[in-house]
Structures are given as C-alpha cells and as structure tokens.
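J.: this one's structure only:
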C-alpha cells in the first residue's frame, strides 16, 4: 500500500468510527427523550425522536456502504478488518436500539393521549437510566478500545434482566388489582420490554468490542469466560447462573 | 489468484453458504417444534429446541469465523464480498430467530405446567405457520439468489404485523373478560410477539438477499422501492402505507 493510500485508509477508518459514534449519540438521546416524553407528557419530544430515527437509519446505510467500499478497496487484514466487521455488526444493534426508542416514544404518546398516569413509570425510568448508561459505556469501550469496560456492560445486562422481570411482575400485579388498567398496562409492559431489548443490544455491541480488541468471539461463552477473554486469559469453567 | 487458490475459495464459499442453510433449517424446525409443544403439551420437544439452540449458536460463531478468514485471505470484491458481508448480517438475524423459538418453547413449558389451555393458540399457530414459511422463503431466495422471491418475504412482513396486532387485541379482550387469565395471557402475548419478531428477522434476511444480488441496500426504502430495486428498476415514489 502506498503512503498516500495508507494515509487515506487511516483517515477513512477514523471517519467510519466517528460516524458510528455519532449514530450512537443520537440513539442515546432518543432513549432519554422517549422516556422523558413518557414521564412529562411533552409530546414534541416524540416527534423529535421520530426525526432522529430517520437519521439513524440513514447513518446505518451510509456506514455499511463505507465499510463495504473500504474492505473492497483496501483489503484490510487482522485488526483493521476486525474493526470493520465489528462495526458492521454493531450498526445493526445500534439501529435496533433506535427502533426500540421510537417504540417507547410512540407508546408515550398513546399513554398520554389516553390521559393515564402510572406508578410503575418510576421503576421504568430507573431501568431506562441503566440501559442508556450501557449504550454510553459500549460507545466508550469502543472509542477507547477497552475490553474490560466492555465486559462490564456484558455483566450489567444480567441486572437489566432482573429489573425487567421485576417490572413485569409489578405491572401484572397492578393489572390484577385493577383490571380497568389492562390495556394501558400492556403498553407499560412493552416499554419495559423495549428497555430490556436495548440492554441486550448494548451487551451485543460490547461483545463485539472485545472481539475487535482481543480477536476472541465471546458470544455464548458465559459471563465468566467473557471476562477472562476480555482480560486476555484462557477460558475455563463457568458455573455462574 | 492461482487456479488452486481460486478453486479452494469457491469451495470455501460453498461451504459457508451450505452451513448457513443448515443453520436456517435448524431454526425453522425450532419454531415448528416450539409451537407444537405449545399445542400438544409434548414437553420433550422443549428440550429438543433448547439443544438445537446451542447448535445454532455454535454455527453462528463458526460461520462468522470462516467469513473473517475468507475475507482476510482471499480479499474478495464485488459479488463475493457482498455474499460474505450479507451472510454475516443474516447470521445475526437467524440466531435471533432461534432465540425467539427458544423463548416460545420455554413459555409452552410454563403454560402446560400451569395446566392451562387457551383458545387464542389457534390464531398463534396460523401466525407461526406464516413466519416459518417466511424463514423458509428467505433461505430459498438466498439459495437461488432470487431477489423477487426475497421481495415477497419483505411484503409478507406487513401481513405478520397485522396478525400480531389482531392477536394482541384478541388476547387483551380475553384478559378483560376474565382477569383470572391475566398472567397466563401475558405469556401468549409474548409468544405472539416472538412470532412477530421472527417475521421481522426474515424480512431483514430477505433485504440482505436483494443487496447480495443487486448491490442495492433496500433497508428503510419502503416496500414499493424494495420491489423496484429487486426487479433492477430505479426507485420512485412510495405512497403505500
């Protein structure tokens, strides 16, 4: 590769990375604003979330196109190739986080238009704060190429799963106590589910960061092995439930 | 590329394609058996689905590893590169279909262990048949490199969305009429949701087949443009809701 081509490639890689970070920042703000719309009833936020969702879709397509061109033209290997293949996978997860945020915003609109207020919303806000931080941490781990930070996100997803199950139980109890709330409570269940999905996507993105840096695919290996591989250690027993 | 390397590459591509088709066949059987467990109460099927889910996870990691090696070693361009990048994306969707099938199987176990039988199951079986066919059609479109067949899957996803909304309304009505069924009905809602997600994943995979063959990224372009691009025509207005 000539020095010029090499410089161009390095700069193109950097652009790809920074576009992905930009996309991630948009998605993070969408989750925040979707939940804010739910809490405050400020429905102008719903329109903003939907506008940003289109931008996220556009970025997904643009970044994937860049990745295809970069691989075809520069024939990268090792770390550079892993970076590009990882971003291609992370894009899918990030776009779906955006979809989930849009669903939350739409449900916020429906709930507020029906004039309802619910107690479990507090619980969901906590969960939303938690998964928004997971998106942010995945992006940080990606930007800093930090597999240990990424492994922490993978572990945090277990916490989200617990919160999701707790919220679900809580909302079901609520419905049983007052069946008039059934339809509206179903929306809250879907909001909790959307948050749980966002946590899952953040976990998937963080697993890709570990692969990018270490070259080890940690998917389906269990949390303890994920942590070992993130530290650069060999895999072993994993009895953690 | 030497003739030998070229032959080896062609044969490696073929192996990758056939491993993906094998993974798809497993997932298709998982959805069928998960729903069969729900209908019949045959819980040995639940264990089989869970076993196959592990094999699907293993295939996901193996195929992705092969793709990374094939790109690094053979530096493919154009159609071959699009094939590899597409399979890499389709893998993610296929593995998540497997996850959804496993969720269905687990809920089938819970519903049968609680000794319940529900009428809306009939409706869900129809939806399950529909999305299983969508997975099969995506695989056929992939195997035959047929973008028109793929575009039909993308269109069919609209039907799944309608069925999902119909099932949801039906199950909610059921809960309101008899609040004692609330907890168990929530499981049925999640089964319907899992089927709707499988339809979405099949749509995503079919969009990748169109990209693979035509080189056009049809994501987020609307159904009419997807159909135009699948036929090799330029994009235009899309007023379809």
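T.: It's in. Small disclaimer: the values here were computed from a predicted structure and weren't measured.
J.: drop to CA atoms for contacts and neighbour counts, all remaining ones
T.: Will do.
J.: Which elements pack onto the helix or strand where residue A:24 lies?
T.: Using DSSP states H and E, residue A:24 sits in helix A:3-40. Helices and strands touching helix A:3-40, as assessed by 3 or more Cα pairs under 8 Å, 6 or more residues apart in numbering or on different chains; DSSP states H and E, comprise helix A:44-74, helix A:78-113, helix A:121-144.
J.: Buried residues, that helix. List them.
T.: A:9, A:13, A:16-17, A:19-21, A:23-24, A:26-39 (16 or more other Cα atoms under 10 Å in any protein chain shown).
J.: Quick check: residues of chain A near chain B?
T.: A:57, A:61, A:68, A:72, A:75-78, A:81-82, A:85, A:89, A:172, A:175-176, A:179-180, A:182-183, A:217, A:219-220 (Cα under 8 Å from any Cα of the partner chain).
J.: Taking the residues you listed, please make a ChimeraX selection of just the buried ones.
T.: Burial among the residues of chain A next to chain B is assessed by 16+ other Cα under 10 Å; the matching ChimeraX selection reads:
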select /A:57,61,68,72,75,76,77,81,82,85,89,172,175,176,179,182,183,217,219
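J.: residue ranges with poor pLDDT in chain A?
T.: A:1, A:116-120, A:239, A:241 (pLDDT under 70).
J.: in it, which residue is closest to the centre?
T.: When Cα atoms, centre = their mean is applied to chain A, the residue found nearest the centroid is residue A:202 (3.6 Å).
J.: now it, nearest residue through space, not along the chain?
T.: residue A:135 (5.4 Å; Cα to Cα, 6 or more residues apart in numbering or on different chains).
J.: From the structure, what's the count of residues near the one you found?
T.: Counted with other Cα atoms under 10 Å in any protein chain shown, the neighbours of residue A:135 add up to 26.
J.: give the contact list for it.
T.: With contacts defined as Cα atoms under 8 Å, 6 or more residues apart in numbering or on different chains, residue A:135 is in contact with A:24, A:28, A:199, A:202.
J.: Identify the farthest-apart pair in the residues you listed.
T.: The span of these, defined through Cα to Cα, is set by A:24 and A:199 at 13.8 Å.
J.: rewinding a little: distance to residue B:121 added to the contacts of residue A:135, as TSV?
T.: Shown next, in TSV, are these (distance: Cα to Cα, whole Å):
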residue	distance to residue B:121
A:24	39
A:28	38
A:199	30
A:202	33
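J.: Run through who's touching stretch A:17-36.
T.: A:42, A:45-46, A:49, A:52-53, A:56, A:59-60, A:63, A:87, A:91, A:94-95, A:97-98, A:101-102, A:104-105, A:108, A:125, A:128-129, A:132, A:135-136, A:139, A:143.
J.: now with 7 Å?
T.: A:45-46, A:49, A:52, A:56, A:59, A:94, A:97-98, A:101, A:104-105, A:125, A:132, A:135, A:139 (Cα atoms under 7 Å, 6 or more residues apart in numbering or on different chains).
J.: Distance from that stretch to the middle of the chain?
T.: 9 Å (Cα atoms, centre = their mean, to the nearest Å).
J.: now stretch A:38-57
T.: 17 Å.
J.: Buried residues, that stretch. List them.
T.: Buried residues in stretch A:38-57 (16+ other Cα under 10 Å): A:38-39, A:41, A:43, A:45-46, A:48-50, A:52-53, A:56-57.
J.: from these, which is closest to chain B?
T.: Among the buried residues of stretch A:38-57, residue A:57 lies closest to chain B (Cα to the nearest Cα), at 6.8 Å.
J.: Contact partners for that closest one?
T.: Counted by Cα under 7 Å, 6+ apart, residue A:57 has contacts A:95, B:220.
J.: one more time with 10 Å, if that's ok
T.: When contacts are counted by Cα atoms under 10 Å, 6 or more residues apart in numbering or on different chains, residue A:57 is found next to A:23, A:91-92, A:94-96, A:98-99, B:219-221.
J.: Show me which of the residues you listed is closest to residue A:153.
T.: Taking the contacts of residue A:57 together and measuring to residue A:153 by Cα to Cα, the closest member is residue A:94, at 14.7 Å.
J.: For the closest residue in space to the closest one that isn't next to it in sequence, give its distance to chain B.
T.: Leaving aside its sequence neighbours, residue A:94 sits nearest to residue A:24 (Cα to Cα, 6+ apart; 6.6 Å). Separation of residue A:24 from chain B (Cα to the nearest Cα, to the nearest Å) stands at 18 Å.
J.: now residue A:206
T.: The value you get for residue A:206 to chain B, if Cα to the nearest Cα is used, is 15 Å.
J.: the inter-axis angle of whichever strand or helix holds that residue versus helix B:182-214?
T.: Element membership for residue A:206, per DSSP H and E: helix A:182-214. Inter-element angle recorded for helix A:182-214 and helix B:182-214: 50 degrees (by axes from the mean of the first three to the mean of the last three Cα atoms, to 10 degrees).
J.: in helix A:182-214, what's buried?
T.: A:182-214.
J.: Just the buried ones from the contacts of residue A:57, in ChimeraX syntax?
T.: Burial among the contacts of residue A:57 is assessed by 16+ other Cα under 10 Å; the matching ChimeraX selection reads:
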select /A:23,91,92,94,95,96,98,99 /B:219
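J.: In TSV: the contacts of residue A:57, plus distance to residue B:5.
T.: Shown next, in TSV, are the contacts of residue A:57 (distance: Cα to Cα, whole Å):
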residue	distance to residue B:5
A:23	39
A:91	32
A:92	33
A:94	37
A:95	37
A:96	39
A:98	42
A:99	43
B:219	34
B:220	38
B:221	39
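J.: Just give me the closest of the contacts of residue A:57 to residue B:167.
T.: Of the contacts of residue A:57, the one sitting nearest to residue B:167 (Cα to Cα) turns out to be residue A:99, at 21.7 Å.
J.: Correct me if wrong: the closest one contacts residue A:55.
T.: No: using Cα atoms under 10 Å, residue A:99 is not in contact with residue A:55, being 11.8 Å away.
J.: shared neighbours of the two, anything?
T.: A:27, A:49.
J.: shared neighbours of residue A:24 and residue A:199, which are they?
T.: Joint contacts of residue A:24 and residue A:199 (Cα under 10 Å, 6+ apart) are A:97, A:135.
J.: Could you pull up the residues touching the closest residue to residue A:183 other than its chain neighbours?
T.: Once flanking residues are discounted, residue A:183 sits nearest to residue B:172: 6.8 Å by Cα to Cα, 6+ apart. Residue B:172 sits next to A:182-183, A:186, B:166, B:178-179, B:182, B:185-186, B:189 when contact means Cα under 10 Å, 6+ apart.
J.: Now distance to residue B:121 too, for the residues you listed, in JSON lines please.
T.: Formatted as JSON lines, those follow (distance: Cα to Cα, whole Å):
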{"residue": "A:182", "distance to residue B:121": "20"}
{"residue": "A:183", "distance to residue B:121": "20"}
{"residue": "A:186", "distance to residue B:121": "19"}
{"residue": "B:166", "distance to residue B:121": "13"}
{"residue": "B:178", "distance to residue B:121": "16"}
{"residue": "B:179", "distance to residue B:121": "18"}
{"residue": "B:182", "distance to residue B:121": "15"}
{"residue": "B:185", "distance to residue B:121": "10"}
{"residue": "B:186", "distance to residue B:121": "13"}
{"residue": "B:189", "distance to residue B:121": "10"}
